[in-house]
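Visitor: structure for this input, please:
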Amino acid sequence: MSDGSAVSIRPWWANVLLVFCLFMTFVYTPWDFFMKPVAEDQEVWFGLVLTGWAAKATEPLHWLIYGAFAYGLWKMRPWMRLWGSVYFAQVTIAMVVWGLTDERGSCAAANVSGVVFSGLTVLYWRAGTVFETPQLSAAAKT
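Guide: Now for the predicted structure:
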């Protein structure tokens, strides 16, 4: 993190999340929304799988979330600590609910997912102080 480039202002894990969010914002979600037939479309919200038109109608919300996160990670915005943690917590709940309610899930999968994603949520929150570091915020504005 010494050369001041856009990549170096973020820790490696934030760069990984940024690449994922950019991919979801500019490649996968547009393809999913515009190209995938309604009959095949699925979106998962809080662990519940929506299909068909319900999935297609809620997909722009996922698109907006990924876009906001890509921007927040690119610019290292302070609000990413809170909202990133909230999103990870929601994913934790979703993974547990999906494991318990979906025919493809299982109680064991729900437990393992709950532990893994709870851990990731805590790690994100603890490491999220990088979003509050003044020199990172100044470097991200350039």
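
Visitor: excluding chain neighbours, what is closest to Ala54?
Guide: Glu43 (7.6 Å; Cβ to Cβ, 6 or more residues apart in numbering). C-beta here means a position set from N, CA and C on the backbone, and glycine is covered the same way.

Visitor: which residue is the nearest non-sequential neighbour of Trp13?
Guide: Per Cβ to Cβ, 6+ apart, closest to Trp13 is Ala127, 6.9 Å.

Visitor: doesn't that neighbour fall inside a strand?
Guide: No. Applying DSSP: H, G, I helix; E, B strand; the rest coil, one finds Ala127 to be helix, outside a strand.

Visitor: for the residue nearest to Ala54, helix, strand, or coil?
Guide: strand.

Visitor: quickly list what it is bridged to.
Guide: Leu50 (DSSP bridges).

Visitor: in contact with it, which residues?
Guide: Contacts for Glu43 (Cβ atoms under 8 Å, 6 or more residues apart in numbering) come out as Val49, Leu50, Ala54, Ala55, Thr58, Glu59, His62.

Visitor: so which bits of stretch 48-63 are buried?
Guide: Leu50, Ala54, Ala55, Lys56, Glu59, His62, Trp63 (16 or more other Cβ atoms under 10 Å).

Visitor: using JSON lines, lay out these together with distance to Gly84 and pLDDT.
Guide: Formatted as JSON lines, those follow (distance: Cβ to Cβ, whole Å; pLDDT from 0 to 100):
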{"residue": "Leu50", "distance to Gly84": "24", "pLDDT": "95"}
{"residue": "Ala54", "distance to Gly84": "26", "pLDDT": "97"}
{"residue": "Ala55", "distance to Gly84": "24", "pLDDT": "97"}
{"residue": "Lys56", "distance to Gly84": "27", "pLDDT": "97"}
{"residue": "Glu59", "distance to Gly84": "21", "pLDDT": "97"}
{"residue": "His62", "distance to Gly84": "15", "pLDDT": "96"}
{"residue": "Trp63", "distance to Gly84": "17", "pLDDT": "97"}
